[in-house]
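Trainee: I would like the atomic coordinates for the input below:
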Amino acid sequence: ERSMSEDFLRSSFNSGVSGETWSPPDFPDRWKEYCELFRVEDATTLKSKALLGGLKETSLRSVAWKSFLGVLPNTNKINHKEWKKVIAIHRRSYDSLLQQYQIDPREAGRHMDATVSNPLSLESDSPWMTFWQNEELQKEIEQDILRTYPEKEFFQRNSVREMMLRILFVYARQNPQLSYKQGMHELLAPILYLTERESVDQNEIKNNFNSTLGGEIEELTNLLDKNYVEHDSFATFEHLMNLVKPWFQSDHPAGRRRDLNSPLSDSDENSSPVVEKCRMIQYVILREKDPELYQKLTSLKIEPQLYMMRWIRLLMGREFHLDDVLVLWDSMFSYSDKPDGSADLQLIDYICVAMLIYIRGQILGMDYSSAMRRLFKYPPVEDPLLFVEQALNLQQNPGVSPFVTPVGSTNQKSNPNREHSSKKTLVAPADNTVNRTRAPSASGKEENILNRIKSVVDKASTSSTTQRTTSSSAPPSSSSATSNSSNLKRASNISTAEEQLQKMKNLQAHMANRLERIIYSIQKEMLEKSSGKSEEEKMDAIMVAVAEMKQVKDVLSGLLPPESFYFEDLPSLSKGSTSAALDESIEIPSITSLRDNNDLKLQRRSSDPFGIAEFSEENS
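Mentor: Numbering: from 1, shown residues only. Okay, the predicted model is just below:
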């Protein structure tokens, strides 16, 4: 019932604001607005208007984004006189990149040795090798593009899909270390949607309004020229990616390491910038602003990266309707703590906290599964500016948020937009609430680690036995006391290594058992036809199982201590019961058959509809 009502609310909130029905105002009105917002020296008015939702009704939002992100020169002053020259440079640069990366292998290899330039060549300098690599990259990108905003007619057009493919392909080739990552298409989509929607026919405007508005209007028509929608979208996307690029990187920058169980330590080599940011938001900011909610999430063992990574990477792109996302991006891009006023996206930290506080009344009364469902399927919100206003309040005022009950308070004002929070007395968690110990790794290299430990134990044991035998047959000497001490120390080391080996074996067995039960749960939900559950209920159950599988992966990778995973188990299965339960009605395709059908990549993507898993080349 809650799901049905939320879908109705979401559709009613957004009725009548779809991009397909939007039409820009007459050009004279747009020119007047441009002069008021951009043909001024001080950028304060523009940024203030954007921060508080004032660009919602404007027809120049794409120009404002270019200004905020640095596509067009703009520090704390608007240099609109330079914009025509700068935008021309960006457009020529994109044309050059397209020409550089779109290769014709026959033409490129016309004067090369036939043993190198042929479709079967494996030489690294073969144009055919480059061509096949480009084809593979484009297929990967295209799979995501086909799923972009399926409810929007705009994104179903072939011309739009082709533009998105070219932009993402060029960016991936220009940045080979990062390449293309799933989710980038969702950052490009609002930019392309907005740029195309606000574009104009430059020649038509000149013919109709040059006589009344003068030649100066070319300054605006040049910025909005419909012939350069693709070029301008690439420039805006590229500058946005400069800000969010670390959030798509799998590894932490060299020289900086973090313990994932403590956002303040510097000892974990496996942490990535986006995971570090997620943990800082939940373990530092939320802990300060809402201790009770922080304590609840900690007690449920909900790791912030499970739900917040998608929020941050996609800038809330999946949590709200597209038109609401545009409003949030106005605020994120315009807000800055930098001296020069350039965008830094720091406001997103407090928007995440505001979103958590908004649903705190629900989370406080939920178990793990229900809380995860709520976090993955955020409820509809009538006005997204609510989160911007709360984020600014949280950022500017230290201590417990005024939107929650302070510690020790007995009075709580009712809020029609949020359920009452728990009446329990708030107790700030101690410093050791977050386990700062590093769990022994049991990841893909576990077998090698176990073998090395076993080898050390065997060698130590053999050495100890040999020394004891030699000692018993040899006559007493003056060094016997030293030898005994050395033997005791060696025996202690052997005992410690054996205990460590046994712990790792126990961890391996426990994680294997959990994975078996999780897989059974997913298979049952996906393939059982007579369960009586709706498709949405099945998807919720699968979503929670996938989240638990992600936590298993974190334990096996050493990112989480084993004890942090021991929350309520899935329905237990006795040994051997899995196959018996599945044989009756479930037939699972083998990995071999998936490879044979060339569907392995699609299978991986289909198994991650919620953006909570990552498939790096090493994992693949």
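Trainee: Dump the helix or strand encompassing Trp132 to PDB, keeping only the CA atoms.
Mentor: Using DSSP states H and E, Trp132 sits within helix 127-145. Extracted as PDB, the C-alpha positions of helix 127-145 are listed here (Å, rounded to 0.1, in the frame of the first residue of the first chain):
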ATOM      1  CA  PRO A 127      44.500   0.000 -36.500                       C
ATOM      2  CA  TRP A 128      42.200  -3.100 -36.500                       C
ATOM      3  CA  MET A 129      43.100  -3.800 -32.800                       C
ATOM      4  CA  THR A 130      42.200  -0.200 -32.000                       C
ATOM      5  CA  PHE A 131      39.000  -0.500 -34.000                       C
ATOM      6  CA  TRP A 132      37.800  -3.700 -32.100                       C
ATOM      7  CA  GLN A 133      38.600  -2.100 -28.800                       C
ATOM      8  CA  ASN A 134      36.500   0.900 -29.700                       C
ATOM      9  CA  GLU A 135      33.700  -1.400 -30.800                       C
ATOM     10  CA  GLU A 136      33.800  -3.200 -27.400                       C
ATOM     11  CA  LEU A 137      33.800   0.100 -25.500                       C
ATOM     12  CA  GLN A 138      30.800   1.500 -27.500                       C
ATOM     13  CA  LYS A 139      28.800  -1.700 -26.900                       C
ATOM     14  CA  GLU A 140      29.300  -1.400 -23.200                       C
ATOM     15  CA  ILE A 141      28.200   2.300 -23.200                       C
ATOM     16  CA  GLU A 142      25.200   1.600 -25.400                       C
ATOM     17  CA  GLN A 143      23.800  -1.000 -23.000                       C
ATOM     18  CA  ASP A 144      23.500   1.700 -20.400                       C
ATOM     19  CA  ILE A 145      22.200   4.400 -22.800                       C
END
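Trainee: Helix 127-145 and the helix or strand following that helix, what's the angle between them?
Mentor: As assigned by DSSP H and E, the chain's next helix or strand after helix 127-145 is helix 158-174. Interaxial angle of helix 158-174 relative to helix 127-145 (axes from the mean of the first three to the mean of the last three Cα atoms, to 10 degrees): 130 degrees.
Trainee: Show me what the helix holding Trp132 packs onto, helices and strands only.
Mentor: Applying 3 or more Cβ pairs under 8 Å, 6 or more residues apart in numbering; DSSP states H and E, we find helix 127-145 packed against helix 105-108, helix 158-174, helix 184-197, helix 600-606. Placement of C-beta: from N, CA and C, glycine included.
Trainee: Tell me which of these is the most buried.
Mentor: Across the helices and strands packed on helix 127-145, averaging neighbours per residue (mean count of other Cβ atoms under 10 Å) puts helix 184-197 on top, at a mean of 22.
Trainee: which residues are in contact with it?
Mentor: Helix 184-197 is contacted from outside by 19, 22, 24, 61-62, 65, 141, 144-145, 148-149, 152, 154-155, 160, 163-164, 167-168, 171, 226, 229-230, 232-233, 236-237, 240-241, 244, 248, 314-315, 317-318, 322, 325-326, 329, using Cβ atoms under 8 Å, 6 or more residues apart in numbering.
Trainee: Which one of the helices and strands packed on helix 127-145 has the poorest average confidence?
Mentor: Here the lowest mean pLDDT among the helices and strands packed on helix 127-145 goes to helix 600-606, at a mean of 40.
Trainee: Of the helices and strands packed on helix 127-145, give the one that comes closest to Leu46.
Mentor: Nearest to Leu46, of all the helices and strands packed on helix 127-145, is helix 184-197, at 16.2 Å by Cβ to Cβ.
Trainee: what angle do the closest one and helix 158-174 make?
Mentor: 130 degrees.
Trainee: Export helix 184-197 to PDB, keeping only CA atoms.
Mentor: Provided in PDB are the C-alpha atoms of helix 184-197 (Å, rounded to 0.1, in the frame of the first residue of the first chain):
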ATOM      1  CA  MET A 184      28.400   8.300 -16.200                       C
ATOM      2  CA  HIS A 185      25.500   8.100 -18.600                       C
ATOM      3  CA  GLU A 186      23.200   9.300 -15.800                       C
ATOM      4  CA  LEU A 187      25.400  12.400 -15.200                       C
ATOM      5  CA  LEU A 188      25.400  13.200 -18.900                       C
ATOM      6  CA  ALA A 189      21.600  12.800 -19.400                       C
ATOM      7  CA  PRO A 190      20.400  15.900 -17.500                       C
ATOM      8  CA  ILE A 191      23.100  18.000 -19.200                       C
ATOM      9  CA  LEU A 192      22.200  16.900 -22.700                       C
ATOM     10  CA  TYR A 193      18.500  17.200 -21.900                       C
ATOM     11  CA  LEU A 194      18.800  20.700 -20.700                       C
ATOM     12  CA  THR A 195      21.200  21.900 -23.400                       C
ATOM     13  CA  GLU A 196      19.000  20.600 -26.200                       C
ATOM     14  CA  ARG A 197      15.900  22.000 -24.600                       C
END
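Trainee: Can you list phi and psi of Asp225 for me?
Mentor: With angles defined as degrees, to the nearest 10, Asp225 sits at phi -60, psi 120.
Trainee: give me every residue that touches it.
Mentor: Contacts of Asp225 (Cβ under 8 Å, 6+ apart): Ser199, Val200, Gln202.
Trainee: can you rerun that using 10 Å?
Mentor: Applying Cβ atoms under 10 Å, 6 or more residues apart in numbering, we find Asp225 in contact with Ile87, Arg91, Ser199, Val200, Asp201, Gln202, Asn203, Ile205, Glu218, His231, Asp232.
Trainee: Could you report the distance from the closest residue to Thr45 other than its chain neighbours to Ser199?
Mentor: Using Cβ to Cβ, 6 or more residues apart in numbering and skipping residues adjacent in sequence, the residue nearest Thr45 is Leu37, 7.1 Å away. Using Cβ to Cβ, to the nearest Å, we find Leu37 at a distance of 18 Å from Ser199.
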